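Asker: coordinates for the following, if possible.
(2 chains)
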There are 2 protein chains.
Amino acid sequence: MTGAGKKEVHRRGGLWYLRPMKKIRLLTPGPTAIPESVLSKFAEPVIHHRTSLFEARFKKLQDHLGWLFQTREPVLTLTATGSGAMEAAVANLFSPADEVLVLNLGKFGERWTKLAKTYGLTVHELVVDRGSAADPAEVKRLLTAHPAAKAVLFQASETSTGALNPVKAIVDLCREHGVLSVCDGITAVGILDLPMDDWGIDVLITGSQKALMLPPGLAFIALSARAWQAVAVSKSPRFYFDLTREKKMQEKQQTAWTPAISLIEGGVESLGLLREEGLQTLFARHEVLAKCTREAASALGLELFSKAPSPVLTTVRVPATFSVDQGKAIQKLMQEKYGVIIMGGQDELQGKILRLSHFGYCDVFDVATGIGALELALQELGHSVEFGKGVGAVLKAYRESSR
Amino acid sequence: MTGAGKKEVHRRGGLWYLRPMKKIRLLTPGPTAIPESVLSKFAEPVIHHRTSLFEARFKKLQDHLGWLFQTREPVLTLTATGSGAMEAAVANLFSPADEVLVLNLGKFGERWTKLAKTYGLTVHELVVDRGSAADPAEVKRLLTAHPAAKAVLFQASETSTGALNPVKAIVDLCREHGVLSVCDGITAVGILDLPMDDWGIDVLITGSQKALMLPPGLAFIALSARAWQAVAVSKSPRFYFDLTREKKMQEKQQTAWTPAISLIEGGVESLGLLREEGLQTLFARHEVLAKCTREAASALGLELFSKAPSPVLTTVRVPATFSVDQGKAIQKLMQEKYGVIIMGGQDELQGKILRLSHFGYCDVFDVATGIGALELALQELGHSVEFGKGVGAVLKAYRESSR
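Answerer: Got it, this is the predicted structure:
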């Protein structure tokens, strides 16, 4: 994307007020940057979906998705965003008045609760301090307190706070208590190691505009055999998100409804790139980029907000001396002057935290760019910055990880 | 462009040998990076060139080119690279046995000499120390020594050494002595302020893959009224590069030969972006990015190679302790491990200098990325590097220029 700057240049005191050509760089938790070779797919003619050509392409995507989800179950492709797949999970697994447990770490935990209530379920929440992860001991207590619960709905990584849940521990507890583990992996699949079959995750969900390096428009969901049994007895209403119908169609490399064909073509390309990188390198890359970001924050004197920092995105508190308005100004300045787009906090965290994403089509120099723009913005807003200290920490941490 | 890394990851001593997804970043003096909105033009169907639709698009390009060259003369578009336009200048302006003067600062100065000799001209060279610019006093001496000379052929910026010529002084001297100034602005137009009409430059040349942010394939040349008079009496053979024929055709928004149509479409877009930025901001941006690079080199203890550093690209000597092979390894490591492509020295400068470009679709964070990769490579090869020192100098210089 290109956004050209204003036309005028003013000289004041011998210094240029530059409004130069500005590159837009997305360091946001979705949409994320898209590789050029994927973008070029969208310039190709759209093939018709009721053709053997489409079926061959879709089969390739399905194969890639099974690899990414680390599962032998079918990974279903829905033309919707991640929230649509979350709704599909709720609508297909449960019946009205069923009890479910929700681990509420932030905005996306709240979404599970709202969805479940919309479908008439009874929700018992574990509300966790913003920035923290669920404590397995607390999850166990919740499970014990509500023996009738059918499932635990949770996020692998909570995007609003940057907290990483102990996914394996949660899934283990679900199995011990005979309930389904329903994992929103929207900003996690392809970033964190979440071996669905090995760990016994019952439902795993992601969206196209995250680690999959695609525009928004597709969601992906896989269910374990145990979850499919729950679908068989669920009585909630569903039509567009009817997973049984989708499964039947997708076994024949077709979809129940007209799919987002160009995104499927793009997905074959983007997942091909991830597959070439390899799962372990993919996960290691994200671990390293997160470490680089945390080291940079520390070098710049910024406190980490999350007590359980995720490899997906790093949340830091704005400098203690900054007002809420100054806090908001950091992100605004980075975006408007430098074209580097990060996210601030939402709701009560507005102006108090910054959320720096480092996943998808992202490498060490993208992280360094984000930190460089942050240095420039912080200094311009009055924070004491020694230029290069944050970026230097990024390079150093990267070098130490790859030596 | 995307190049995925190797598939395997090895753990040794607890550290990952990462071969993660690699982004390719061109920090070379052409081809240069291409804006996404320009790339997307190349995905559009090719229109036929003998149509009014093409003529309307070509008229737009011609208008943009006149703006970029700062001239009211027609700027001719040739389907060739910059060397083709250099040949067009020689073949159209002179006759066999004509005398010309060449300012030879490096590889591209040498190209003028070779071309002139190919067409049977007598060449008198001012050979300048590699890294230096032409001294106007020396140019004056050369002009005085060869009163029969018809022209001075020179580069605005010599890409092989990173030296910037004193273009205005050279052009002024040419006018005083009644000879033509033939300026290779291939890596200069759209980077340096070269007001063709104001300064009275007689021939100005550029290529598409430089500041114009396009793939290679088009060259552009403009001639003053005085230069067109020379064309009228020139007797050198020319056919494909017959500028008189091109001028006649291009006055009607057509070309003598089938043009590179998609590049012309791309040029309308890319020059539109430059025009939105504005000439003065465009030149100021390049000045600032060059300053950032020089400050970074100095912070990393690298000596500038050129005594007349150009805003186009910065040449630095490899650390004095490095052998030629180690010098070559810097560029190789940056490219192979980090995907950041810079150029080394050519011929006798191989392994002795690095050439860091900072023009075209390039902003402060691209410069910072180049310097970051250079820090990583230098440290890995044994040079003492405090990570972030070079990048910090980039950010600091940028901040000071834009405040």
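Asker: contacts, neighbours, all on C-alpha from now
Answerer: Noted.
Asker: what's the domain layout of chain A?
Answerer: Using automatic domain parsing, the domains assigned to chain A come out as A:2-30+A:278-402, A:36-276.
Asker: for those, which one sits closest to chain B?
Answerer: In terms of CA to the nearest CA, the element of those nearest to chain B is domain A:2-30+A:278-402, at 3.3 Å.
Asker: related to what we said a few turns ago, need the domains of chain A in CSV with distance to B:F365, mean neighbour count and mean pLDDT, can you?
Answerer: Output for the domains of chain A, formatted as CSV (distance: least, CA to CA, whole Å; neighbours: other CA atoms under 10 Å in any protein chain shown; pLDDT from 0 to 100):
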stretch, distance to B:F365, mean neighbour count, mean pLDDT
domain A:2-30+A:278-402, 6, 21, 89
domain A:36-276, 19, 20, 97
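Asker: can you put those domains in JSON lines and add distance to chain B?
Answerer: As requested, these are exported to JSON lines (distance: least, CA to the nearest CA, whole Å):
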{"stretch": "domain A:2-30+A:278-402", "distance to chain B": "3"}
{"stretch": "domain A:36-276", "distance to chain B": "6"}
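Asker: include distance to B:T315 when you put these into JSON lines, please.
Answerer: Listed next are the domains of chain A as JSON lines, based on distance: least, CA to CA, whole Å:
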{"stretch": "domain A:2-30+A:278-402", "distance to B:T315": "22"}
{"stretch": "domain A:36-276", "distance to B:T315": "30"}
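Asker: wait, doesn't A:A222 sit right on A:G200?
Answerer: No: contact criterion CA atoms under 8 Å: A:A222 and A:G200 do not qualify, at 11.7 Å.
Asker: next, the closest residue to A:I47 other than its chain neighbours: phi, psi?
Answerer: Leaving aside its sequence neighbours, A:I47 sits nearest to A:F54 (CA to CA, 6 or more residues apart in numbering or on different chains; 6.7 Å). Backbone torsions of A:F54, given as degrees, to the nearest 10, read phi -60, psi -40.
Asker: hey, where'd the strands end up in the stretch 51-200 of chain A?
Answerer: A:75-78, A:99-104, A:122-127, A:151-155, A:157-158, A:163-164, A:180-184 (DSSP state E, counting those that start in this stretch).
Asker: pipe the ones you listed into CSV and attach distance to B:V318 per row.
Answerer: Below are the strands of the stretch 51-200 of chain A laid out as CSV (distance: least, CA to CA, whole Å):
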stretch, distance to B:V318
strand A:75-78, 52
strand A:99-104, 55
strand A:122-127, 58
strand A:151-155, 50
strand A:157-158, 45
strand A:163-164, 44
strand A:180-184, 51
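Asker: and the ones you listed: which comes nearest B:L93?
Answerer: Ranking the strands of the stretch 51-200 of chain A by distance to B:L93, with CA to CA as the measure, places strand A:75-78 first at 64.8 Å.
Asker: which strands and helices sit next to that closest one?
Answerer: Based on contacts counted as 3 or more CA pairs under 8 Å, 6 or more residues apart in numbering or on different chains; DSSP states H and E, the elements that strand A:75-78 packs against are helix A:52-69, strand A:219-223, helix A:243-250.
Asker: show me what contacts A:Q335?
Answerer: Neighbouring residues of A:Q335 by CA atoms under 8 Å, 6 or more residues apart in numbering or on different chains: A:I341, A:I342.
Asker: how close does it sit to A:I34?
Answerer: 19 Å (CA to CA, to the nearest Å).
Asker: with A:T28 instead?
Answerer: 12 Å.
Asker: now A:N104
Answerer: Distance, A:N104 to A:I34, using CA to CA: 31 Å.
Asker: and A:R399, by the same measure?
Answerer: Taking CA to CA, one finds A:R399 at 25 Å from A:I34.
Asker: chain center to the lengthiest helix in chain A: distance?
Answerer: Identified as the longest helix of chain A according to DSSP state H is helix A:279-299. A distance of 15 Å separates the C-alpha centroid of helix A:279-299 from that of its chain, computed with CA atoms, centre = their mean, to the nearest Å.
Asker: what does stretch A:59-66 give?
Answerer: 20 Å.
Asker: again with stretch A:270-281
Answerer: Remark: stretch A:270-281 is offset 17 Å from the chain centroid, using CA atoms, centre = their mean.
Asker: for stretch A:234-251, same thing?
Answerer: Using CA atoms, centre = their mean, the mean C-alpha position of stretch A:234-251 is found 25 Å from that of the whole chain.
Asker: just the terminal-to-terminal distance for it.
Answerer: Stretch A:234-251: ends 21 Å apart by CA to CA.
Asker: just stretch A:380-394 next, same as before
Answerer: For stretch A:380-394, the end-to-end distance is 21 Å (CA to CA).
Asker: now what about it, what contacts it?
Answerer: With CA under 8 Å, 6+ apart, stretch A:380-394 has contacts from A:292-293, A:295-300, A:319, A:326, A:330, A:364, A:367-369, A:371-372, A:375-376, A:378-379, B:386-393, B:395-396.
Asker: what does stretch A:195-205 give?
Answerer: In contact with stretch A:195-205 (CA under 8 Å, 6+ apart) are residues A:69-72, A:82, A:85-86, A:89, A:168, A:171-172, A:175, A:180-186, A:189, A:219-227.
Asker: OK, contacts around the residue nearest to the spatial centre of chain A?
Answerer: Residue closest to the average C-alpha location in chain A (CA atoms, centre = their mean): A:T187, at 1.6 Å. Neighbouring residues of A:T187 by CA under 8 Å, 6+ apart: A:P29, A:A156, A:S157, A:E158, A:T159, A:T206, A:G207, A:K210, A:A211, A:V312.
Asker: roughly how far does it sit from B:G120?
Answerer: For A:T187 relative to B:G120 (CA to CA), the value is 68 Å.
Asker: likewise for A:A256?
Answerer: Look at A:A256 and B:G120: by CA to CA, they are 74 Å apart.
Asker: how about the nearest residue to A:C362, chain neighbours excluded?
Answerer: Nearest non-adjacent residue to A:C362, counting by CA to CA, 6+ apart: A:A33, 7.5 Å away.
Asker: which residues in the stretch 251-400 of chain A form strands?
Answerer: Applying DSSP E, counting those that start in this stretch to the stretch 251-400 of chain A gives strands spanning A:313-317, A:340-341, A:343-344, A:353-357.
Asker: still on that earlier bit, turn the helices and strands packed on strand A:75-78 into a markdown table, including distance to B:L349.
Answerer: Below are the helices and strands packed on strand A:75-78 laid out as a markdown table (distance: least, CA to CA, whole Å):
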| stretch | distance to B:L349 |
| --- | --- |
| helix A:52-69 | 48 |
| strand A:219-223 | 54 |
| helix A:243-250 | 60 |
